[in-house]
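Undergrad: Quick one, what's the 3D model for this:
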Amino acid sequence: MNNLTKNKLLKILCISLCITLFTGCGSKFSENDLAFKDLARKSKLTGSAITLMASSDWVTDAEMQLGTNFEAATGIQVVYNLYPDDVYLDTLFAKLDSDNPPDIFMTQSGLAIKNTYQLDKYSVDLSDEPWMTVYDTFSAVETSINDRNYGMSYFDNTTDYYMIYNKKLLNKAGVTEVPTTYDAFVTMCQNVAGTGVIPIYEPMADGWHQTMLFAETGQFLEKSQPGTIEKLNDNTITFAELESMKLALEQIQNLALRGYMGKNFATDTYDNAVGYLANGEYAMCMLRPGMIDSIVSSEMNKGFAKEDFGIMLLPVCDNQILNVHPTGPSKYISNASQNIDAAKLYLQYIATKDNVQYVIDNAHSVNNLPFNLGQVTGHDEVTMEFLDQFEDEQSGLVLQDVVTYFNEQWGEISSDILKMCEGTMSPEDVLNQIDARRASFAQAANDPAWK
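TA: The predicted structure follows:
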């Protein structure tokens with residue numbers, strides 16, 4: 001076990017210990033916490049416990065601290081059950097179909113919650129909860145089924161994953177301008193590799209990150225070929241028929257086969273991205289902008305300052321369309337839960353202005369949350385300078401937000417892309433597998449376009 005993994009495990013253990021011990025320590029409650037203490041007492045919820053089930057990267061340390069505060073104020077214990085990304089969905093639906101489902105569970109919002117997962121069969125209707133009056137309208141659309149809201153997105157949908165790069169390392173390689181074409185990007189990687197630095201940190205072991213190289217550059221598809229998304233969703237065209245999608249995968253594969261992702265991408269994990277960018281072993285990685293703060297504050301930092309990092313798009317297929325991703329990991333309450341009222345109170349608690357602001361201020365990956373509470377956002381100058389380059393016509397929704405039966409096979413696509421980058425699967429094979437799984441999901445959902 002490497003030091004980065006050990007440090008994260010120790011942090012989780014410390015947070016878990018705090019959850020256990022906090023109620024036994026003297027504390028001065030805020031007015032917000034006192035109000036929830038009173039609500040829990042009046043509703044006779046004190047002494048209960050709720051479980052929250054999520055993929056391992058979907059709950060921030062800051063939210064877990066809110067769980068500690070919530071227990072201290074209300075007497076309701078929050079147990080976070082976090083699972084590896086590659087097994088999470090299978091484990092989740094097995095739990096939901098069991099006699100002991102989680103009280104709160106998380107999954108991505110968007111098309112799949114209705115078409116494939118049919119979460120209205122598993123979830124409590126939250127349309128009349130107090131926080132709905134401040135919940136972002138677009139986020140509510142993404143967590144709703146037939147105009148009833150079943151979830152709460154608790155994820156920063158104001159920014160997405162972009163290529164975070166080290167300016168000093170690129171300059172050392174003679175790179176003075178950010179590449180805007182694929183050929184220029186390959187040349188840059190070649191020059192960076194020539195200095196002994198690995199160009200791209202691409203963690204594929206977790207089973208999710210690599211698909212972003214494809215899906216979150218694929219927003220160029222509709223811009224370059226208008227009407228294509230509708231054809232995909234009407235089943236009048238397939239991914240395998242789209243030359244641009246084949247080219248995108250070929251270019252991603254090329255980066256790996258040339259060694260620009262290093263030798264260990266199959267075993268590299270997302271947890272280690274910050275450390276490897278901080279120590280200068282790698283020059284760039286697809287991350288959220290707020291992670292620059294994590295890199296700079298890392299104990300592995302070799303002297304890089306915040307101004308030494310920049311943000312750019314990955315120019316697969318010469319893409320210069322900003323990826324916009326308004327959906328994200330969202331919380332739902334199981335309708336088979338024995339603790340529905342306590343679970344509702346937890347969601348109400350984390351959606352208050354003080355607590356939303358706490359997460360923004362303390363989670364590097366979060367610059368904002370989808371609530372209209374007058375909170376102060378955490379967008380810094382680097383992020384805003386990058387985003388301000390793009391007008392609305394230069395922005396587009398990522399593939400998983402617009403193509404049906406895509407997001408629900410994310411893990412399988414990641415597995416295929418790993419094999420492709422290792423050279424044991426072709427780009428054509430990957431696209432054919434995507435099409436086959438889409439057909440399977442569509443038929444299970446009785447989608448008339450596939451009949």
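Undergrad: What distance do you get for D38 to N32?
TA: According to CB to CB, to the nearest Å, D38 and N32 sit 11 Å apart. In short, each C-beta sits where N, CA and C put it, glycine included.
Undergrad: Settle it for me: which of these two has more neighbours?
TA: With neighbours defined as other CB atoms under 10 Å, D38 and N32 compare such that N32 has more, 15 against 12.
Undergrad: And that one, how close does it get to G67?
TA: From N32 to G67 the distance is 15 Å (CB to CB).
Undergrad: And for L249?
TA: Taken as CB to CB, the span from L249 to G67 is 40 Å.
Undergrad: OK, contacts around P370?
TA: Y135, D136, F138, S139, S153, Y154, F155, N157 (CB atoms under 8 Å, 6 or more residues apart in numbering).
Undergrad: in which helix or strand would I find the third one?
TA: Translated: F138. helix 137-142 (DSSP states H and E).
Undergrad: Give me the distance from that helix to the chain's centre.
TA: Offset of helix 137-142 from its chain centre (CA atoms, centre = their mean, to the nearest Å): 17 Å.
Undergrad: could you dump it to PDB, C-alpha only?
TA: The C-alpha trace of helix 137-142 is given here as PDB (Å, rounded to 0.1, in the frame of the first residue of the first chain):
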ATOM      1  CA  THR A 137     -34.200  24.400 -11.400                       C
ATOM      2  CA  PHE A 138     -32.100  22.500 -14.000                       C
ATOM      3  CA  SER A 139     -30.800  20.100 -11.300                       C
ATOM      4  CA  ALA A 140     -34.400  19.400 -10.300                       C
ATOM      5  CA  VAL A 141     -35.200  18.500 -13.900                       C
ATOM      6  CA  GLU A 142     -32.200  16.000 -13.900                       C
END
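Undergrad: Which residues does it contact?
TA: Contacts of helix 137-142 (CB under 8 Å, 6+ apart): S109, G110, M132, N149, S153, N157, P326, T327, S330, P370.
Undergrad: which residues does the residue nearest to the third one when sequence neighbours are not counted bridge with?
TA: In this case it means M132. Closest residue in space to M132, ignoring its immediate chain neighbours: N149 at 6.5 Å, by CB to CB, 6 or more residues apart in numbering. Legend: beta-bridge partners of N149 under DSSP bridges are S144.
Undergrad: Then V324?
TA: Bridge pairing for V324 - DSSP bridges - gives L397.
Undergrad: mind listing the helices in the stretch 301-450 of the chain by residue range?
TA: Counting by DSSP state H, counting those that start in this stretch, the stretch 301-450 of the chain has helices at residues 340-350, 353-362, 381-387, 399-402, 410-422, 427-444.
Undergrad: so where's the stretch 151-300 of the chain uncertain?
TA: Along the stretch 151-300 of the chain, the model assigns pLDDT under 70 to no residue.
Undergrad: Any buried residues in stretch 421-437, and which?
TA: C421, M425, P427, V430, L431, Q433, I434, D435, R437 (16 or more other CB atoms under 10 Å).
Undergrad: Can you name the helix or strand that the closest residue to T159 other than its chain neighbours falls in?
TA: Nearest residue to T159, sequence neighbours excluded (CB to CB, 6+ apart): P289, at 5.4 Å. P289 is part of no helix or strand when elements are defined by DSSP H and E.
Undergrad: which phi and psi does P289 have?
TA: phi -60, psi -40 (degrees, to the nearest 10).
Undergrad: now do Y135
TA: When read as degrees, to the nearest 10, the backbone of Y135 gives phi -70, psi 130.
Undergrad: contacting residues around it?
TA: Per CB under 8 Å, 6+ apart, neighbours of Y135: N149, M152, A351, P370, F371, N372.
Undergrad: Now that the third one has come up, it's in contact with M132, right?
TA: No: A351 is beyond contact range of M132, at 9.3 Å (criterion: CB atoms under 8 Å).
Undergrad: neighbour count winner among those two?
TA: A351 (22 against 13).
Undergrad: Quick check: closest non-adjacent residue to the more buried one.
TA: W131 (3.9 Å).
Undergrad: dump the residue contacts of that neighbour.
TA: So W131 contacts M152, L347, Q348, A351, F371 (CB under 8 Å, 6+ apart).
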